[in-house]
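Asks: I'll drop the sequence and a predicted model, then ask my questions.
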Amino acid sequence: MLLNDLALFVRVADCGSISAAAAEMELSAASASAAIKRLEKQLDTSLFVRTTRSLRLTAQGERYLIHCRRALSDLALGEQAIASDKGKVSGTLSLSVSSDFGRNLFVPWLDDFLLDFPQLQVRLHLGDNISSFYHDKIDVAVRYGKPQDSNQVAFPIFTADRVLCASPEYLAKHGKPETLEQLTQHNCLFYKLDERTHDQWQFVRDGQEFKIRVTGNRSANDAEIARRWAVAGKGLVFKSSLDLAEDIMAGRLVPLLPEYRGEVVNLYLVCPGREHVTPVVLLLREMLRQRCKELQTQLAAHQST
């Protein structure tokens, strides 16, 4: 049984198409189809139900897929362990990172990380919607909020508060809100995650929780756009202190209502399963924890002056 046949079987199952999987693996459709038939012959069972319009796993195929994923992951872990013993970190790591955090913080941090491990290759996916680990071939994701899937492994990276901010230009024109109730008189900037618009903002003061529904004329499915609109003077934004830290320290954004603490958000490094927790993932985890801590320390020092 060829390992390449197993890898192809997994990709066909994920793509739902032999031709799409073949293109990804730089094979002809005919060669890929022959490989699947060869695997089915060796197992003496059908792995897929084929129709003119679709391709889906049989019950036997579903069970076999679980073991194939585990076997391929174990082999990859073995290769990583050997490389780690030799003091090397190599191979390809596929990363999915939220848009704002990714573009403004993670990318420059990743550049430094790759200087330390020049034999490592990365494929970076940026976006706020949750990626499909298997369909998009993601090894690890950086996301706000703990995943609901109990099979996934989530490492806590950092806990931050959301911060209410606006640009000096916006405040000069519209004034500062002095109370939470006055937020309804301002243009608030929204972003959508998984079809949910974040237009209900939560705060805490003296142990009491407050929720306020705000309105505005702009909403985007990319959280970075909300931040950019705020910097451009288009309204108020309510995002993680990590996402806004550099704008605050540069004076592009001004924190508002400091007597209220914004909703707590947790940043996680997420793997699709325990078998994906490789040495390079653990190195990435420690780098992220250290960098986030340093950034928050810099922001606290800036705000205390």
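Replies: Arrived safely.

Asks: Longest strand in the protein, please.
Replies: strand 153-166 (DSSP state E).

Asks: quick one: buried residues of stretch 214-232?
Replies: Across stretch 214-232, burial judged by 16 or more other Cβ atoms under 10 Å covers 214, 216, 219-220, 222-231. Where C-beta positions appear, they are placed from N, C-alpha and C, glycine not excepted.

Asks: Can I get that stretch in CSV, CA atoms only?
Replies: The C-alpha trace of stretch 214-232 is given here as CSV (Å, rounded to 0.1, in the frame of the first residue of the first chain):
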residue,chain,number,x,y,z
VAL,A,214,-25.5,50.7,19.1
THR,A,215,-26.1,51.8,15.6
GLY,A,216,-24.0,53.0,12.7
ASN,A,217,-23.8,53.3,8.9
ARG,A,218,-21.0,50.9,8.2
SER,A,219,-20.5,47.2,8.6
ALA,A,220,-17.9,44.8,7.1
ASN,A,221,-17.2,41.1,7.1
ASP,A,222,-13.5,41.9,7.8
ALA,A,223,-12.7,43.2,11.3
GLU,A,224,-9.7,45.2,10.0
ILE,A,225,-12.0,47.4,7.9
ALA,A,226,-13.8,48.6,11.1
ARG,A,227,-10.4,49.6,12.6
ARG,A,228,-9.4,51.4,9.4
TRP,A,229,-12.7,53.3,9.3
ALA,A,230,-12.1,54.4,12.9
VAL,A,231,-8.6,55.6,12.2
ALA,A,232,-10.0,57.5,9.2
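
Asks: chain center to that stretch: distance?
Replies: Distance of stretch 214-232 from its chain centroid, counting by Cα atoms, centre = their mean, to the nearest Å, is 19 Å.

Asks: again, but for stretch 184-203
Replies: 20 Å.

Asks: Phi first, then psi, for the residue nearest to residue 103 when sequence neighbours are not counted.
Replies: Spatial nearest neighbour of residue 103, excluding adjacent residues (Cβ to Cβ, 6 or more residues apart in numbering): residue 224 at 6.0 Å. Here is the backbone geometry of residue 224 (degrees, to the nearest 10): phi -60, psi -30.

Asks: go on, the one 5 residues further on?
Replies: Dihedral angles phi and psi of residue 229 (degrees, to the nearest 10) take the values phi -60, psi -40.
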